[in-house]
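A.B. asks: got a predicted model here, sequence first, then my questions.
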Amino acid sequence: MRTRKVNMIISLVTIMGGMALVVACGQRNATTVIEGDAAEQVYIAPGEYDEFYAFLSGGFSGQITVYGLPSGRLLREVPVFSQYPENGYGYSEESKPMFNTSYGFVPWDDSHHIELSQQNGEFDGRWLFVNGNNTPRIARVDLSTFETVEILEIPDVAGLHCAPFITENSEYLVSGTRFSIPIPQKDVPIDTYKENFKGLINYVSLDQDHGTMELAFQIEMPGFNYDLARNGKAVSHGWSFLTTYNSEQAHSLLEVNASQKDKDLMAIINWKKAEEYVAAGKFTERPTSYYHNLMDESTGIAHSQEMKMTRILKPEDCPEMVYFIPVPKSPHGCDVDPSGEYIVGNGKLSADMSVYSFSKIMKAIEEKNFDGEIEGIPVINYDAGLHGILQKPGLGPLHTEFDERGNAYTTFFISSEVVKWNVDNLEILDREATFYSPGHLVIPGGETRKPEGKYLVAMNKITKDRYLPTGPELAHSAQLFDISGDKMKLLLDFPTKGEPHYAQAIRADKVKPNSKKFYNIEENAHPYATLGESKTKVVREGDEVHVYMTAMRSHLAPDNIEGFKVGDKVFFHVTNLEQDWDVPHGFAIQGATNAELLVMPGQTKTLLWEPKKVGVYAFYCTDFCSALHQEMSGYARVSAKGADVPLKWGLNETLRENQEQAEKFYEQLENKSK
Amino acid sequence: MNGKSHIAQFLMLGAVLCLGILFLQPLWKITLEAAQFPGGLDLYIWINKISGNDKHIIQNINILNHYIGMKPIHPDAIPELRYFPWVVIGMMAFGLICIGVNRPWFYLSWVLVMIGLGALGIYDFYLWLYDYGHNLDPNAPIKIANMNYMPPLFGEKDLLNFYVRSYPNWGGVFLGLAILLGAGAFYLKGKRVYV
Ligand SMILES: [Cu+2]
């Protein structure tokens, strides 16, 4: 490779000097002057709705949050990769399988990049996908219910950061490994990195009707770190672009050792070609293990399936499928403009930003204008693929989104600002300070063919003094800008949950009309559903007891149950019989070592309770459902192991007898008296 | 036969068709409005059924009514909904006979029977509303002395947190129109005979 080693100290001095320069000429005050009508622009009067939904990843919270724009109001937190005692997600018997992986039950992850489903390069409002970084996974959230309905593990990768970037008709989610590892995993010295470590780029296909994910194929790449990706659109549809860092293939002290070359690489993948190779059987099958967890729509129960085989494509066997092109120093974001022609490669340690031209890259490939190859992958000549260089835009460029007027907006982590520039003529048009150090930014539709360049949200990594202090740990801050005019205008600060990495925003009317109000109880096919109070019952099967319970304003049925014994496994299957919007019922019982249940109207959810001590225990509805919510409660009697107390249950009447149990009980009594 | 006699028959035919509309449009509409129910809960009383602005409205009204001990509405348990349609069909047949016979006395008796039946129907509706509003479960969670929950037969009223409106719907309007058309037929036919 034609890369030049740069002295680390010199580059650090450059950065520090640049920072000093920015501070000296800017000396920005944290209390920025907000222009007069900013408040009016973000004010959503009571009873009115926001114009956009914004979906923010939760980072280390593992979840996602839903905000309204422009108000910055938190509308909901959707649990995805972390158990959520608030509604029983990951604790209920139905949702536990969502957390199954080849490592067992993993109840946490690090969620990074939100991708909304697309058709013809536009958001269609059907599904949302998000990656779990640590135990490599991708989740799908159904936007009619805002519930996580599927989680697919990705095998043989480490740190699924470069995911799940969607193609313009939702054909694939492109997902690369952040860390290269031995494939298949084996016990080798770490310093054999160069010979043993590989990186996989994964193509997850989507069922067009149901959104169901399937690992279609994996491309085995050199052992670099694959960081971020975007797919081509319009003219560049059929191609993926992925940035890499650590082309040095360092395995220790990466902050220095992976920052040596002044150019890293962008991988360019022709996935249509890859599809052809798969169809032609040019893959090798490799045994592996990964889990696919899918919620059944009619029962609400998640099922796990262990998958044991994966299909690998190797670039050396598949010519014209993968290329590299150099990118300035340690690139992070890799963003494709709405026309699909320009690809922005942000070298986060470089002073300049490289903008590539898709047509020039294609021409260079055609003319074989290559500077050698890496492990059989041709490296396209840097200058041949370059549209131009954005000179000295700021320090630490991370991510770029676009408006529909030919402008790009890039976040600069070190100089803490958003810079607006023209994609075609590479002219810097405006810069606005952010507080502090933005990572990603989002413009509604800003990665699609149809951006709506009205608002921009910068997700800041550092908060400091933006809000009242809350001890050492602070909520991250986001900042909303009006970008409809020539100058960007700061409108609003709002705190966020976890650490939002990427976010996507969509016009509300693409989601709102499909939002479900309740589950149709006639479609409830849960095997333990109780469709009517007359069908409530308690059934013992050895040590397992199944309570078929219903909830309705304002009672649980049955609400008095006797005959439980210490050591039983009691399953409360609670069906919410309501068929009205916004009437969930909750269920909690003393001594449960898991969580509560929140059951939406028409749903059945199951909580496992293992009574440990003799006594009478209260259970109750946890969601204030009506004026008599406080009365929505009951008692469960627990007797000693081996006690003769028969199962009885009822509601507002003498406890009903379980005929068989009762007969046995009386029979035993008779035997004793004889 | 001159043109006028035909007009009477056409009016009667119109009256018969108006009765047919009772199978397509509700007679009455009761709307319950409260802060927690944006848009209100609409209950429609038809000649043969009770419906709402969505298919779960009766269940949802019953859930609310159980707090005050009001009997749940079970359309299956209201016999009128089964035989009223036959009464209407009978009156439509009678109307057709009137057209065939085309005598003023037939028109007049049709109108008088209709008025009688209409009055009885409204009285029956009143009795049901009275029963629902007054005949409350003594064990109801919410009991307010001297309070009844009878919705207005015609008009508007506060009932605890609900504001209730009760007015005829299209079916009711066409029922009234049918009587007017029948009366018109009698008037025209009668004039021809006696003048
Ligand atoms: Cu409740």
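C.D. replies: Here it is on my side, so go on.

A.B. asks: up against chain B, what does chain A have?
C.D. replies: With the criterion set to Cβ under 8 Å from any Cβ of the partner chain, chain A comes near chain B through A:552, A:553, A:554, A:578, A:579, A:580, A:626, A:627, A:628, A:631. C-beta here means a position set from N, CA and C on the backbone, and glycine is covered the same way.

A.B. asks: for the first one, which non-adjacent residue is spatially closest?
C.D. replies: Meaning residue A:552. Nearest in space to residue A:552, with sequence neighbours left out and distances taken as Cβ to Cβ, 6 or more residues apart in numbering or on different chains, is residue A:577 at 4.6 Å.

A.B. asks: hmm, the one you found is touching residue A:551, no?
C.D. replies: Yes - taking Cβ atoms under 8 Å as the definition, residue A:577 is a contact partner of residue A:551 at 6.8 Å.

A.B. asks: need the residues that contact whichever helix or strand residue A:242 is part of.
C.D. replies: In the assignment (DSSP states H and E), residue A:242 maps to strand A:239-245. Residues outside strand A:239-245 that contact it (Cβ atoms under 8 Å, 6 or more residues apart in numbering or on different chains) are A:162, A:165, A:167, A:174, A:176, A:201, A:224-232, A:258, A:264-271, A:327, A:330-334, A:336, A:343, A:345-346, A:358.

A.B. asks: in ChimeraX, how would I select just the buried ones from those residues?
C.D. replies: Listed next is the ChimeraX selection for buried residues among the contacts of strand A:239-245, using 16 or more other Cβ atoms under 10 Å in any protein chain shown:
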select /A:162,165,167,174,176,201,224,225,226,227,228,229,230,231,232,258,264,265,266,267,268,269,270,271,327,330,331,332,333,334,336,343,345,346,358
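
A.B. asks: so who does the residue positioned nearest the centre of chain A touch?
C.D. replies: With distances taken as Cα atoms, centre = their mean, the residue of chain A nearest its centroid is residue A:130 (2.5 Å). Counting by Cβ under 8 Å, 6+ apart, residue A:130 touches A:57, A:64, A:80-81, A:111-115, A:138-139, A:141, A:164.

A.B. asks: using CSV, list the CA coordinates for the helix or strand where it lies.
C.D. replies: Here residue A:130, judged by DSSP H and E, is contained in strand A:122-132. C-alpha atoms of strand A:122-132 as CSV (Å, rounded to 0.1, in the frame of the first residue of the first chain):
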residue,chain,number,x,y,z
GLU,A,122,-37.8,6.1,1.2
PHE,A,123,-38.8,5.1,4.7
ASP,A,124,-42.0,3.1,4.6
GLY,A,125,-42.7,3.1,8.4
ARG,A,126,-43.1,-0.7,8.8
TRP,A,127,-40.1,-1.9,10.8
LEU,A,128,-37.1,-0.6,12.6
PHE,A,129,-33.8,-2.5,12.9
VAL,A,130,-31.1,-2.0,15.5
ASN,A,131,-27.8,-3.8,16.2
GLY,A,132,-26.5,-5.2,19.5
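
A.B. asks: what's the mean pLDDT across that strand?
C.D. replies: Mean pLDDT, computed over strand A:122-132, is 98.

A.B. asks: ok, now how distant is the residue lying closest to residue A:161 once chain neighbours are set aside from residue A:106?
C.D. replies: Using Cβ to Cβ, 6+ apart and skipping the chain neighbours, the partner closest in space to residue A:161 is residue A:178 (3.7 Å). Distance from residue A:178 to residue A:106, counting by Cβ to Cβ, to the nearest Å: 17 Å.

A.B. asks: more neighbours: which of these two?
C.D. replies: residue A:178 (22 against 18; other Cβ atoms under 10 Å in any protein chain shown).

A.B. asks: now do the contacts for that one.
C.D. replies: Applying Cβ under 8 Å, 6+ apart, we find residue A:178 in contact with A:133, A:157, A:158, A:159, A:160, A:161, A:162, A:225, A:226, A:227.

A.B. asks: identify the farthest-apart pair in the residues of chain A next to chain B.
C.D. replies: The span of the residues of chain A next to chain B, defined through Cβ to Cβ, is set by A:579 and A:631 at 21.7 Å.

A.B. asks: look at those two and report which has more neighbours.
C.D. replies: Taking other Cβ under 10 Å, residue A:579 and residue A:631 do not tie; residue A:579 has more neighbours (21 against 13).

A.B. asks: is it fair to say the more buried one lies in a helix?
C.D. replies: No - counting by DSSP: H, G, I helix; E, B strand; the rest coil, residue A:579 is located in no helix; its state is coil.

A.B. asks: now it. Its backbone dihedrals?
C.D. replies: Dihedral angles of residue A:579 (phi, psi; degrees, to the nearest 10) stand at phi -130, psi 60.

A.B. asks: how about JSON lines for the contacts of residue A:130, with pLDDT added?
C.D. replies: Below are those laid out as JSON lines (pLDDT from 0 to 100):
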{"residue": "A:57", "pLDDT": "97"}
{"residue": "A:64", "pLDDT": "98"}
{"residue": "A:80", "pLDDT": "98"}
{"residue": "A:81", "pLDDT": "98"}
{"residue": "A:111", "pLDDT": "97"}
{"residue": "A:112", "pLDDT": "96"}
{"residue": "A:113", "pLDDT": "97"}
{"residue": "A:114", "pLDDT": "97"}
{"residue": "A:115", "pLDDT": "98"}
{"residue": "A:138", "pLDDT": "98"}
{"residue": "A:139", "pLDDT": "98"}
{"residue": "A:141", "pLDDT": "98"}
{"residue": "A:164", "pLDDT": "97"}
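
A.B. asks: which one of the residues you listed sits closest to residue B:82?
C.D. replies: Of all the contacts of residue A:130, residue A:141 has the smallest distance to residue B:82: 48.1 Å, by Cβ to Cβ.

A.B. asks: which SSE is that closest one in?
C.D. replies: Assessed by DSSP H and E, residue A:141 sits inside strand A:137-142.

A.B. asks: the host helix or strand of residue B:106 packs against which elements?
C.D. replies: Secondary structure from DSSP H and E places residue B:106 in helix B:104-134. Where contact means 3 or more Cβ pairs under 8 Å, 6 or more residues apart in numbering or on different chains; DSSP states H and E, helix B:104-134 is packed against helix B:3-20, helix B:80-101, helix B:170-194.

A.B. asks: let's see it at 10 Å
C.D. replies: Secondary-structure packing of helix B:104-134 (3 or more Cβ pairs under 10 Å, 6 or more residues apart in numbering or on different chains; DSSP states H and E): helix B:3-20, strand B:28-33, strand B:41-45, helix B:80-101, strand B:162-168, helix B:170-194.
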